[in-house]
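1. build me a model from this:
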Amino acid sequence: MMHQSIATIDSPEFINLQPLEINPLMSSCEIKVLYLGENRNHSYITKDVATEMAKTLRGAPIVGYYKEDKEDFRDHGEKIIMDDEGIKFECLTKPYGFVAPDAQVWFQKFEDTDDFGNKIEREYLMTTGYLWTGQFEEAKLALEGRPQSMELDEETLDGHWSTNNNTGMDFFIINDAIFSKLCILGNDVEPCFEGARITAPEVSSTFTLDDNFKKTLFTMMQDLQSALKGGYKMELEDKNVETEVTTAIEEEVTPVEETPAETIEAPAEEVIVEEENSTEDTEVAIDAIQPSQEEEAAEENKEESEEIIKEEESAEDTETEEEEVDYKEENEEVEEKDYSLLEEELNSLKASYAEMESKYQELVTFKEAVDNEKKDALINSFYMLSDDDKKDVIENKANYSLDEIESKLSVICVRKKVNFDLEDNDKNEDNTEDKVLTYSLNESPDVPEWLSALREAKESHK
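-> Numbering: from 1, shown residues only. The predicted structure follows:
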């Protein structure tokens, strides 16, 4: 009987882990997933659709197909196998990480440069993830920066075809989709979304700093606003002092004691007379009372206290005004100093950017020349097609990638039923019944054009 372990009735004892207490063999990364609008694979994604799709990013695996002989990643790593059971596709990628369940997801605008040096502003959907760099040494290449291509779940992909009236090109408008995985590509593999990449954290690393800066700035603005109002705390303290002094003065005043009427003694026969005149005598006695010495002293003390309070208020107002002036002067000095430092940093960044832009333009020019040579060589390799057959490709080769040119020309070959002379085809005619053919779509030199066309036809019907 196999060993069993059954939970007891006792409550579990959870360990209070902090958010940053994670496996140290992982490394965080940042991913530019896709950009909005039209793209090179003739699909179209709006911001609203991308926002809904973004809800499926968290938890998506980050995969890649690494080739040791190349010492870099390849493409999506799909292999087509043809045997007696039919045609099937095999995935060669493996997981190298994942998008965390609490990952940040946001939109960010970037300025991309096309093959002709034209600058285009694109808005990218971005997120953060983790790579198992401790287990897979090759995963560290992604932190240096590698192209990235997202993959969508075919069963949940929803959309429709529409024609752009301005260009006359057909686009597949995506209405909804679920991210199945994000794929690391090799440096020589150009993704569908030109600027899509996976790198070490760059933009997201400044989020926390920005939040702290905003909080600090808000606190400083509150302090400055309070100071400019004239020291409202001092005014409240003055009112409390005045109230305490007034209360103390009132407690020191001794009231004048009046003699009750019952204590006046008179002869019995004069009682009636005394009762008739008692009211008048009492009123005269009260009017005749003069302020005692204690009352006069209390009145003088009250006047002196009021004068002291006025003098203290005047002195405190003067001190408050001086403190405000000193505070403003100190702030002005700090602002001037900070502005000078920021101006120096800005000038330094401008100089660095100008230098990098110059070098980048040189690389762009060189890349354009190399790409044109490759495209011309590829077009010439389809010698079995006439110039009229290749007219569209030749005229628009600047707009097509190498893979697109090869795919389009291969489809034309299939439509024209061009015969391909496959190696050793005649020798093995008698043994084709039991033969299993296996082709890898990643090794383009060994894949016949008709097979590439087959895959292209499959992709177009997704």
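2. ends of stretch 383-401, what's the gap?
-> Taking Cα to Cα, to the nearest Å, the first and last residues of stretch 383-401 lie 19 Å apart.
3. with stretch 145-164 instead?
-> So stretch 145-164: terminal residues 34 Å apart, Cα to Cα.
4. after the biggest helix by length in the chain, which helix or strand is next?
-> Ordering each helix of the chain by length in residues (DSSP state H) puts helix 293-381 first. Heading C-terminal from helix 293-381, the first helix or strand you meet, by DSSP states H and E, is helix 391-395.
5. element containing Glu194?
-> Assigned by DSSP H and E, Glu194 falls outside every helix and strand.
6. what are the neighbouring residues in contact with the closest residue in space to Lys67 that isn't next to it in sequence?
-> Spatial nearest neighbour of Lys67, chain neighbours left out: Arg74 (5.4 Å); criterion: Cβ to Cβ, 6 or more residues apart in numbering. (Glycine included, C-beta is placed from N, CA and C.) By Cβ atoms under 8 Å, 6 or more residues apart in numbering, the contact list for Arg74 reads Tyr65, Tyr66, Lys67, Leu185, Gly186, Val189, Asn442.
7. and those as CSV, adding pLDDT, distance to Leu34 and neighbour count?
-> Formatted as CSV, those follow (pLDDT from 0 to 100; distance: Cβ to Cβ, whole Å; neighbours: other Cβ atoms under 10 Å):
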residue, pLDDT, distance to Leu34, neighbour count
Tyr65, 93, 20, 21
Tyr66, 94, 23, 21
Lys67, 90, 25, 15
Leu185, 93, 14, 24
Gly186, 92, 19, 20
Val189, 89, 16, 19
Asn442, 50, 23, 19
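8. quick one, strands of the stretch 101-250 of the chain?
-> 105-113, 119-131, 146-152, 158-163, 170-176, 179-184, 197-199 (DSSP state E, counting those that start in this stretch).
9. return the fifth one as CSV; C-alpha atoms alone will do.
-> The C-alpha atoms that make up strand 170-176 are tabulated as CSV, following Å, rounded to 0.1, in the frame of the first residue of the first chain:
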residue,chain,number,x,y,z
ASP,A,170,-6.9,43.5,-46.4
PHE,A,171,-6.5,43.3,-42.6
PHE,A,172,-7.8,40.8,-40.1
ILE,A,173,-9.5,42.9,-37.4
ILE,A,174,-9.1,41.1,-34.1
ASN,A,175,-12.2,41.4,-31.8
ASP,A,176,-11.0,39.2,-28.9
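10. for it, which strands pair with it and how are they oriented?
-> strand 43-45 (parallel), strand 158-163 (antiparallel) (DSSP bridges).
11. likewise the longest one?
-> In the sheet containing strand 119-131, the strands it pairs with under DSSP bridges are strand 27-35 (antiparallel), strand 94-98 (antiparallel), strand 105-113 (antiparallel).
12. deepest of the strands of the stretch 101-250 of the chain, which one?
-> strand 179-184 (a mean of 24; mean count of other Cβ atoms under 10 Å).
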